[in-house]
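In: Sharing a sequence plus its predicted fold:
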Amino acid sequence: MARITSKPTPRRSLTGFTVVALLFIGAWWLAAQYDPGFTPVALLYSVMSLITFIWYWRDKRASVHEKWRVSELTLHIMAILGGWPGACVAQQLFRHKTQKRTFRIVFVFTCGANIAFFSYLIFSTNIFAL
């Protein structure tokens with residue numbers, strides 16, 4: 001009797017970059033606990049991440065069903081406006097936009113620019129000074 005085997009399902013695990021993205025949002029919420037002035041930034045990241053996550057889901061679904069797609073420029077703009085943590089999670093969860101090298105390069109650049117800008121805001125306000 002022949003044994004039927006199926007292909008293993010690829011594991012959907014979080015990459016280091018995705019973990020950094022989630023920690024980044026957590027850091028903003030922690031900063032907001034010490035200085036309520038950071039609450040709007042924490043909300044911005046959370047809301048933009050959720051919106052970006054949904055747009056990645058829509059784009060993945062559209063690609064599977066061969067329907068209208070979200071432009072890469074739109075996804076990059078959403079990432080640079082604070083949605084990059086949600087994009088990181090969506091890319092890994094949906095296995096979407098993880099293979100196209102040019103997209104990944106621009107995406108990492110947008111994340112770096114966003115992190116640099118908002119990190120400058122944190123350190124220029126001396127939030128961690130005692």
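Out: Received the coordinates, thanks.
In: switch to C-alpha atoms for all contacts and neighbour counts from now on
Out: Noted.
In: And the pLDDT for residue 7?
Out: The model reports residue 7 with a pLDDT of 53.
In: do residue 126 as well
Out: Confidence score, pLDDT, at residue 126: 61.
In: go on, residue 58?
Out: For residue 58, the pLDDT comes out at 91.
In: list the contacts for it?
Out: Shown in contact with residue 58 (C-alpha atoms under 8 Å, 6 or more residues apart in numbering): residue 70.
In: Now name the helix or strand holding it.
Out: helix 39-64 (DSSP states H and E).
In: Could I get the full set of helices for this protein?
Out: Counting by DSSP state H, the segments of the chain that form helices are 16-34, 39-64, 72-78, 84-94, 101-124.
In: what's the most buried one of these?
Out: helix 84-94 (a mean of 24; mean count of other C-alpha atoms under 10 Å).
In: Could you tell me the angle between that helix and helix 101-124?
Out: Put simply, helix 84-94 runs at 140 degrees to helix 101-124, going by axes from the mean of the first three to the mean of the last three C-alpha atoms, to 10 degrees.
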